[in-house]
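Asker: Model the structure of this input:
(one chain, ligands or ions: 1)
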Amino acid sequence: MLSRTAIIALFASAATAATVAVQASNYGDVTYYTPGLGACGQYNTDTDYIVAVAAGTFDNYPGATSNPNNNPICGKQIKVNYQGKSVTVTVVDRCAGCAGAADLDLSPTAFSQLANESVGRLYNAEWDYV
Ligand SMILES: *[C@@H]1O[C@H](CO)[C@@H](O)[C@H](O)[C@H]1NC(C)=O
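Answerer: Sure thing, here's the model as predicted:
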């Protein structure tokens, strides 16, 4: 039989492991824009599954330097979930107009997978790096 203390210790270590394994999601507003030459240095169009992340997220991403083309966030994939729908997009740009640090600006086609473009802004959508 395990002592009461040993059982508590087991629960404590299991809880710690779970905390380490679960990555916190990000919540932000989602809008869409007309892509062109992005901060990552490549051109994209309305129908590409791409995203511009908020300037703060872009600039503070680990490894970011003064040359945005070399930002390690470029090419990362993000899965956005909103009201039972989801879309996976690739980071290609920096959104200077995004007010919230976790706001995302999608291509029109990517946005359309989550809601009608006429909605314009999706509040508090959940997202994570894939
Ligand atoms: C999107 O909204 C517009 C305007 O309300 C509507 O005319 C159109 O049919 C909608 N499109 C879809 C795919 O629901």
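Asker: And the helices in the chain?
Answerer: For the chain, applying DSSP state H gives helices covering 4-21, 55-59, 108-112.
Asker: tell me, which of the ones you listed is the model least confident about?
Answerer: Among the helices of the chain, helix 4-21 has the lowest mean pLDDT, at a mean of 47.
Asker: if I pick Gly120, what's in contact with it?
Answerer: Thr31 (CB atoms under 8 Å, 6 or more residues apart in numbering). Where C-beta positions appear, they are placed from N, C-alpha and C, glycine not excepted.
Asker: what about 10 Å?
Answerer: The contact partners of Gly120, by CB atoms under 10 Å, 6 or more residues apart in numbering, come to Val30, Thr31, Tyr32, Phe111.
Asker: Neighbours of Gln42, how many?
Answerer: 16 (other CB atoms under 10 Å).
Asker: Spatially nearest residue to it, not counting backbone neighbours?
Answerer: Nearest residue to Gln42, sequence neighbours excluded (CB to CB, 6 or more residues apart in numbering): Val92, at 5.9 Å.
Asker: Repeat that for Ala101.
Answerer: The shortest distance from Ala101 to any non-neighbouring residue, by CB to CB, 6+ apart, is to Gly56 (4.3 Å).
Asker: Okay, buried residues for stretch 62-69 please.
Answerer: Under the neighbour-count criterion of 16 or more other CB atoms under 10 Å, stretch 62-69 has Ala64, Pro68 buried.
Asker: quick one: Ala24 from Asn44, how far?
Answerer: Distance, Ala24 to Asn44, by CB to CB, to the nearest Å: 29 Å.
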